[in-house]
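1. Coordinates for the following, if possible.
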Amino acid sequence: SIKNCSCYFISQPLDHFAASTNETFQQRYCVYDKFHSNKKTNNNNSNNSSSAPFFFYTGNESPIEAYINHTGLMWTLGAKLGATLIFAEHRYEGLSVPYNTTNEHNNCMAYCTSTQALADYIALLS
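-> The predicted model follows:
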């Protein structure tokens, strides 16, 4: 559940594709790493990195609390595979809203696109 996750914020550009603006907003994401396995791979790879996966849940049109507790497959497989679970809140949802009210900015919903959201997720995972 979200009570067992660590939640953070990352500063995201309001527009990932226009150099003319430097406006940002805070995107919320939560991490559950109690399943994470520290097993090392048994191959000849010199860096011998951890083989444990991470599962990433892309936020939907709800605050993060609405779906983090209802994603049973991630929790079930995460426990079985020793995964770290990462849940991102979609921009314009929950606490990841660029503007406090719709009156603060003209065309405030102009940046609520799947393209911008996917760019948020790339930045979060990079």
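
2. and Ile64, what is it in contact with?
-> Listed by CB atoms under 8 Å, 6 or more residues apart in numbering, the contact set of Ile64 reads 2, 7, 28-30, 87-89, 93-95. (Glycine included, C-beta is placed from N, CA and C.)

3. In this protein, where's the longest helix?
-> Longest helix in the chain, counting residues (DSSP state H): helix 114-125.

4. between the contacts of Ile64, which has the most around it?
-> Glu89 (29 neighbours; other CB atoms under 10 Å).

5. pLDDT score for it?
-> You'll see Glu89 listed with a pLDDT of 94.

6. So it is in contact with Gln26, correct?
-> No. Contact criterion CB atoms under 8 Å: Glu89 and Gln26 do not qualify, at 10.0 Å.

7. any residues in contact with both of those two?
-> Counting by CB under 8 Å, 6+ apart, the common neighbours of Glu89 and Gln26 are 95-96.

8. and the nearest residue to His36 once chain neighbours are set aside, what is it in contact with?
-> Distances taken as CB to CB, 6 or more residues apart in numbering place Thr84 nearest to His36, at 4.7 Å, with adjacent residues excluded. Shown in contact with Thr84 (CB under 8 Å, 6+ apart): 31-33, 35-36, 52-55, 78.

9. tell me the least confident of those residues?
-> Lowest pLDDT of those: Ala52, 82.

10. ok, that residue - how many residues close by?
-> Neighbour tally, Ala52, other CB under 10 Å: 18.

11. same check, this time on Ala117
-> A count of nearby residues for Ala117, using other CB under 10 Å, gives 23.

12. ok, it touching Glu93?
-> No. With contact defined as CB under 8 Å, Ala117 does not count as touching Glu93 (9.7 Å).
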